[in-house]
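Enquirer: Any chance you can model this:
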Amino acid sequence: FSSTVVYIYILVSCKWGFINCNHLYISADLIKDFHREGKLVMGGAYAEPVDGAVIVFSCDSEKEVEEFVSKDPYHENGLVTEYSIREWTVVPL
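Expert: You can find the predicted model right below:
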């Protein structure tokens, strides 16, 4: 199940101007865990304005992607105002 998650952020104060910095380190641990397990391929925030992010997954099911979102401190603490999960067709190169 190759998929993407698109996050839309709430804008809050931080040295980067878009996130609560305390959640950054917790989220990094979650990302590393999913990446180490081969479930998270890549991801990152949009450039200016930093108002969202895209995360690319390669999982067995959508349930695993939902698990990531439910554990993500950005989502848990209301920094993600909405998100969508879309299956993604990977074109072999």
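Enquirer: centroid residue for the chain?
Expert: Closest to where the C-alpha atoms of the chain average out (Cα atoms, centre = their mean) is Ile55, at 4.7 Å.
Enquirer: Would you confirm that that residue belongs to a strand?
Expert: Yes. In this structure, Ile55 lies within a strand as judged by DSSP: H, G, I helix; E, B strand; the rest coil.
Enquirer: For it, list the residues it contacts.
Expert: Applying Cβ atoms under 8 Å, 6 or more residues apart in numbering to Ile55 gives the contacts 4-5, 7, 40, 42-43, 68. (Glycine included, C-beta is placed from N, CA and C.)
Enquirer: Next one: it, what pLDDT does it get?
Expert: Ile55 carries a pLDDT value of 88.
Enquirer: Ser58 now?
Expert: Note on Ser58: pLDDT of 91.
Enquirer: mind listing the strands for this structure?
Expert: Ranges of strands within the chain are 2-9, 40-45, 52-58, 80-87, based on DSSP state E.
Enquirer: Switch the ones you listed over to JSON lines; also include distance to Glu64.
Expert: JSON lines is the format used below for the strands of the chain (distance: least, Cβ to Cβ, whole Å):
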{"stretch": "strand 2-9", "distance to Glu64": "9"}
{"stretch": "strand 40-45", "distance to Glu64": "10"}
{"stretch": "strand 52-58", "distance to Glu64": "7"}
{"stretch": "strand 80-87", "distance to Glu64": "10"}
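Enquirer: By mean pLDDT, show me the worst of these.
Expert: strand 2-9 (a mean of 78).
Enquirer: hmm, what's the outermost residue in this structure?
Expert: The C-alpha centroid of the chain is most remote from Leu93, which lies 25.0 Å away (Cα atoms, centre = their mean).
Enquirer: Return the per-residue confidence for that residue.
Expert: Leu93 carries a pLDDT value of 83.
Enquirer: ok, now how distant is it from Val65?
Expert: To Val65, Leu93 is 23 Å away according to Cβ to Cβ, to the nearest Å.
Enquirer: Compare the strands of the chain and give me the one nearest Asp72.
Expert: Relative to Asp72, the nearest member of the strands of the chain by Cβ to Cβ is strand 80-87, separated by 7.3 Å.
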